[in-house]
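In: got a sequence here, can you build the structure:
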Amino acid sequence: MTSPNEKKTRLSDTTRAALPGARRASAFKRAARIILAAVVVAATGFGLTCPVLAADRDATRAGVAKGETTPGRTAVGFVTGHGEPGLDEEFSRVAEELRRTYTVVDVRLSEGASLLSSVGVVVVAGGPDVPDAELYELDQFLMRGGRIAFLLDAAVIPRAGAMANVSEGNIFGFLNAYGIVVNPDLVLDRSCAGRATWGDVSTSSSYPYWPVVRRSSVAETHPAVAGFASVPLAWTSSITTRRVGTGGADKSVLLRSSSDSWTVSAFAKLDPEQHFEPPEESDDIHRIADESGFPLAVAVEGVFESAFAGQKVIVQSGRSVEFMEPEGMIETSVSTKMVVFGGSMVFRDDLAAQFPRSAELLAGVVRWLATDDAEAGGTGSSAPAAEWTPRRLAQVILAVACSVAAVAAAVSAVLSRRRKLSSRT
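Out: Predicted coordinates:
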């Protein structure tokens with residue numbers, strides 16, 4: 001007669017014999033659950049993008065359609081909504097170059113700080129007139145350490161006709177608050193390009209409105225423009241810098257015109273058939289370059305003071321206008337960077353097709369803006385690579401969680417194997 005314990009043992013042996021891989025499968029299932037739980041906790045807790053769990057949330061934060069953002073890539077946002085050149089319509093070549101490394105999105109400043117928190121570098125192009133409240137969001141983005149590239153057109157260049165006009169956008173006054181002035185002029189240079197076309201302007205000979213910055217006028221040691229021996233520009237304005245407040249921002253000229261250049265008013269004839277001759281003497285607008293030429297692109301790095309320090313923000317709603325005292329305003333930035341070009345025309349599709357390295361030039365500038373000096377091995381004043389940002393902390397948490405999960409899976413597999421061997425003996 002068989003005792004109950006013997007029956008139980010035989011039943012257990014029969015089960016193990018019939019299902020030899022059951023425990024091993026169970027162990028791997030447990031390990032898989034551990035890995036999934038670790039990833040979900042780290043991703044949701046620290047805001048990493050997960051295609052299934054966080055796609056809708058991140059698409060809302062980035063202000064773009066679902067699926068356009070890519071996890072782990074810096075987002076470069078082009079400001080839109082104020083008549084700026086369209087990303088897909090006029091900057092598609094530049095966007096294609098940038099998308100090799102970054103996620104490129106449209107940015108509407110009206111959506112506030114939550115939108116900008118998902119963007120690493122902002123590009124402001126054209127000569128937009130931006131509501132005060134949105135300029136405040138851009139200012140605070142810079143104060144929090146955000147990076148900005150300004151490609152500003154002080155002269156409005158038409159596609160039809162051959163007469164430029166002065167841009168009236170308030171973005172120029174905003175930038176002036178940081179000590180950078182894009183002058184209301186156009187630079188002409190005898191060191192220039194030819195055989196190019198824009199709208200009604202077409203030339204097969206040298207055209208002084210398209211300066212070519214030669215090696216001697218490129219800041220070759222600056223990482224933003226390193227490797228460029230010759231840089232073509234088009235309809236660009238001169239830039240003046242000045243010290244503002246007690247901020248510690250350092251200004252470096254990246255690109256200069258040649259000593260054989262001069263300026264005219266932004267209200268100018270663009271006809272390539274006209275006779276181009278520098279003025280007899282300089283005045284406020286019609287200036288003749290000295291040996292160093294005119295600054296055409298400038299990099300600024302360090303600590304900035306807010307453009308809104310001590311001021312109220314104008315908030316408009318329909319016909320109603322209010323002057324609001326900003327709450328929680330950051331008046332002095334952490335160390336950060338910006339780059340200012342005195343024009344955007346060479347980066348637009350028509351001219352970028354004729355001067356293909358212009359897209360590479362902007363990509364190099366964005367790369368410098370997006371990179372901390374410590375990460376690049378430099379000694380500048382940007383935030384160090386070891387700073388514990390939420391993204392970096394999340395990456396560490398994920399790495400640790402996955403390592404623990406892998407160890408747990410291995411241990412589970414070993415224990416399962418030992419149980420199987422033990423049952424056979």
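In: can you get me the start-to-end distance on stretch 75-89?
Out: Terminal residues of stretch 75-89 lie 19 Å apart, using C-alpha to C-alpha, to the nearest Å.
In: buried stuff in that stretch?
Out: 75-80, 82, 84-85, 87 (16 or more other C-beta atoms under 10 Å). Bear in mind the C-beta positions are built from the backbone N, C-alpha and C, glycine included.
In: could these go into a markdown table alongside distance to Thr371, pLDDT and secondary structure?
Out: Output for the buried residues of stretch 75-89, formatted as a markdown table (distance: C-beta to C-beta, whole Å; pLDDT from 0 to 100; DSSP: H, G, I helix; E, B strand; the rest coil):
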| residue | distance to Thr371 | pLDDT | secondary structure |
| --- | --- | --- | --- |
| Ala75 | 15 | 95 | strand |
| Val76 | 13 | 97 | strand |
| Gly77 | 17 | 97 | strand |
| Phe78 | 19 | 97 | strand |
| Val79 | 21 | 97 | strand |
| Thr80 | 25 | 95 | coil |
| His82 | 29 | 95 | coil |
| Glu84 | 25 | 95 | coil |
| Pro85 | 25 | 93 | coil |
| Leu87 | 22 | 92 | helix |
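In: now for the residues you listed: which two are most distant?
Out: The most widely separated members of those, counting by C-beta to C-beta, are Ala75 and His82 (19.9 Å).
In: now do the helices in this protein.
Out: Along the chain, counting by DSSP state H, helices occupy 4-18, 22-46, 55-62, 87-90, 92-98, 113-116, 132-143, 171-176, 349-354, 357-370, 373-376, 390-424.
In: by mean pLDDT, show me the worst of these.
Out: Least confidently modelled of those is helix 55-62, at a mean of 34 by mean pLDDT.
In: does Arg240 touch Asn183 like I think?
Out: Not Arg; residue 240 is Thr. Yes. Between Thr240 and Asn183 there is a contact under C-beta atoms under 8 Å: 6.1 Å.
In: so which of those two has more stuff around it?
Out: Asn183 (21 against 14; other C-beta atoms under 10 Å).
In: how far away is the more buried one from Gly364?
Out: 25 Å (C-beta to C-beta, to the nearest Å).
In: check Gly112 too.
Out: 30 Å.
In: so for these two, which residue has more residues nearby?
Out: Set side by side, Gly112 and Gly364 show more neighbours around Gly364, with 19 against 14, by other C-beta under 10 Å.
In: break this structure down into its structural domains.
Out: The chain resolves into domains spanning 28-68+388-425, 76-376 when parsed by automatic domain parsing.
In: quick one: the longest one to chain centroid distance?
Out: Okay, so that is domain 76-376. Computed by C-alpha atoms, centre = their mean, to the nearest Å, the chain-centroid distance of domain 76-376 equals 14 Å.
In: pretty sure Ala105 contacts Val79?
Out: If you look again at residue 105, you'll see it is Val, not Ala. No. Using C-beta under 8 Å as the test, Val105 is too far from Val79 to be in contact (10.6 Å).
In: sorry, back to before: so which of the domains of the chain is the most surrounded?
Out: Per residue and on average, the most neighbours among the domains of the chain fall to domain 76-376, with a mean of 19 (mean count of other C-beta atoms under 10 Å).
In: show me what the lengthiest strand in the chain is packed up against.
Out: With secondary structure taken from DSSP state E, the chain has its longest strand at strand 201-213. Under the contact criterion of 3 or more C-beta pairs under 8 Å, 6 or more residues apart in numbering; DSSP states H and E, strand 201-213 touches strand 185-189, strand 192-198, strand 231-232.
In: pretty sure Glu137 is in contact with Ser114, am I right?
Out: No. Counting by C-beta under 8 Å, Glu137 does not reach Ser114; the two are 10.0 Å apart.
In: so which residue is smack in the middle of this structure?
Out: Central residue of the chain (C-alpha atoms, centre = their mean): Val121, 2.2 Å from the mean position.
In: so how far is Asp271 from it?
Out: As judged by C-beta to C-beta, Val121 and Asp271 stand 37 Å apart.
In: next one: Val156
Out: On the measure of C-beta to C-beta, Val156 and Asp271 end up 16 Å apart.
In: span of stretch 268-279 from start to end?
Out: Termini of stretch 268-279 sit 14 Å apart (C-alpha to C-alpha).
In: show residues contacting that stretch.
Out: Applying C-beta atoms under 8 Å, 6 or more residues apart in numbering, the contact partners of stretch 268-279 are 155, 157, 162-164, 186, 188, 201-203, 205, 207-209, 235, 262, 286-288.
In: how about stretch 206-219?
Out: Applying C-beta under 8 Å, 6+ apart, the contact partners of stretch 206-219 are 186-194, 196, 225, 228-236, 252-258, 261, 270, 272, 276, 293, 296.
In: quick revisit: just the buried residues of stretch 75-89 now: which is nearest Asp350?
Out: Pro85 (11.1 Å).
In: and the closest one, what does it touch?
Out: By C-beta under 8 Å, 6+ apart, the residues touching Pro85 are 91, 125-126, 344, 348.
In: out of these, which sit inside strands?
Out: Residues of the contacts of Pro85 located in strands (DSSP E): 125-126.
In: Throw the contacts of Pro85 into CSV and include pLDDT and distance to Met143, thanks.
Out: Listed next are the contacts of Pro85 as CSV, based on pLDDT from 0 to 100; distance: C-beta to C-beta, whole Å:
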residue, pLDDT, distance to Met143
Phe91, 96, 26
Ala125, 98, 22
Gly126, 97, 23
Ser344, 97, 25
Arg348, 96, 30
